[in-house]
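Coordinates for the following, if possible.
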Amino acid sequence: KFRFLCSKPSLLAAYGSMKVRLSTANTHSYRKVDVSFQKYVDELLRPQAADALGSETLYFFGDNNLTEWQNLFDHYESPPYVLPHTSGAYSFGI
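Model prediction:
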């Protein structure tokens, strides 16, 4: 089910109108831009030139309200293996 929910049509149907915060890809993420998830996918989620600067590249990471995505993350099943005395960290990318 998680794989289906992560398909482009499913994500856009569930989260397209939601505002997401984009940050620049340079060290300190100076620039922050709020756009709808639909706009991010339709207009900004594209291959870029190899010489594009990090300060000109917007990514969807950090600075977002994870509770808005909780319904999706609730369907994720963690891998069955773990290292003793450790806890996992999750990263979700689009």
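
Show me what the helix ranked longest in the chain is packed up against.
Among the elements of the chain assigned as helix by DSSP state H, the one spanning the most residues is helix 8-15. If contacts are counted by 3 or more C-beta pairs under 8 Å, 6 or more residues apart in numbering; DSSP states H and E, helix 8-15 sits against helix 2-5, helix 37-39, helix 70-73. C-betas here are computed from N, CA, C, even on glycine.

can you rerun that using 7 Å?
Helices and strands touching helix 8-15, as assessed by 3 or more C-beta pairs under 7 Å, 6 or more residues apart in numbering; DSSP states H and E, are absent.

what mean pLDDT would you report for that helix?
Here the mean pLDDT over helix 8-15 is 96, rounded to a whole number.

From the chain's centroid, how far away is that helix?
Distance of helix 8-15 from the chain centroid (C-alpha atoms, centre = their mean, to the nearest Å) equals 13 Å.

List the buried residues in it.
Neighbour-count burial for helix 8-15, counted by 16 or more other C-beta atoms under 10 Å, picks out 11, 15.

do the same with stretch 30-38
35, 37.

What is the linear distance spanned by that stretch between its boundary residues?
23 Å (C-alpha to C-alpha, to the nearest Å).

Can you show me the CA trace of the longest helix of the chain as CSV?
Provided in CSV are the C-alpha atoms of helix 8-15 (Å, rounded to 0.1, in the frame of the first residue of the first chain):
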residue,chain,number,x,y,z
LYS,A,8,2.7,10.5,-8.4
PRO,A,9,-1.1,10.5,-8.9
SER,A,10,-1.7,9.4,-5.3
LEU,A,11,0.6,12.0,-3.8
LEU,A,12,-0.9,14.8,-5.9
ALA,A,13,-4.4,13.7,-5.1
ALA,A,14,-3.7,13.6,-1.3
TYR,A,15,-1.2,16.5,-1.0
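
All set, thanks.
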